[in-house]
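Undergrad: next come a sequence and a model predicted from it.
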Amino acid sequence: MSPKQADKIIKAGKPTTVHDTFRNETFTKTFISRDRWDIFSSDGGVFDRGELDVIEFATFKEQSA
């Protein structure tokens, strides 16, 4: 996930489905902040931003249509 994608997801404040390429897991979280390397979810989770791919987020789908 790029910094720009992370910023859009955080600003939207909506649940986003992501795929963790390192752990091969797909999950949905609401992300609230980020730093240079990590992104933080509303439930206290900390994820390596570079290992996440955005799967489902309405704004990204609308832009590609």
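TA: Here it is on my side, so go on. Residues are numbered from 1 along each chain as shown.

Undergrad: shaky segments in this structure?
TA: Applying pLDDT under 70 to the chain picks out residues 57-65.

Undergrad: in this structure, which spans are strands?
TA: Along the chain, counting by DSSP state E, strands occupy 16-20, 25-29, 31-34, 38-41, 46-48, 52-56.

Undergrad: buried ones in the fourth one?
TA: The neighbour-count criterion (16 or more other CB atoms under 10 Å) identifies 39-41 as the buried residues of strand 38-41. Bear in mind the C-beta positions are built from the backbone N, C-alpha and C, glycine included.

Undergrad: with R23 as the reference, measure out to the closest residue to D20 other than its chain neighbours.
TA: By the measure of CB to CB, 6 or more residues apart in numbering, the closest residue to D20 outside its immediate chain neighbours is E51, 5.5 Å from it. Plainly put, E51 is 8 Å away from R23 if you go by CB to CB, to the nearest Å.

Undergrad: compare these two (neighbour count), which wins?
TA: More crowded of E51 and R23, by other CB atoms under 10 Å: E51, with 14 against 11.

Undergrad: output the biggest helix by length in the chain as CSV, restricted to C-alpha atoms.
TA: Looking across the chain with DSSP state H, the single longest helix is helix 3-12. Written as CSV, here are the backbone C-alpha positions of helix 3-12 (Å, rounded to 0.1, in the frame of the first residue of the first chain):
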residue,chain,number,x,y,z
PRO,A,3,1.5,6.3,1.4
LYS,A,4,-1.1,8.0,-0.8
GLN,A,5,-3.5,5.0,-0.6
ALA,A,6,-3.0,4.9,3.2
ASP,A,7,-3.8,8.6,3.5
LYS,A,8,-7.0,8.2,1.5
ILE,A,9,-8.2,5.2,3.6
ILE,A,10,-7.4,7.0,6.8
LYS,A,11,-9.2,10.1,5.7
ALA,A,12,-12.3,8.2,4.6
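
Undergrad: report all helices and strands that that helix contacts.
TA: For helix 3-12, the packing partners by 3 or more CB pairs under 8 Å, 6 or more residues apart in numbering; DSSP states H and E come out as strand 31-34, strand 38-41, helix 58-64.
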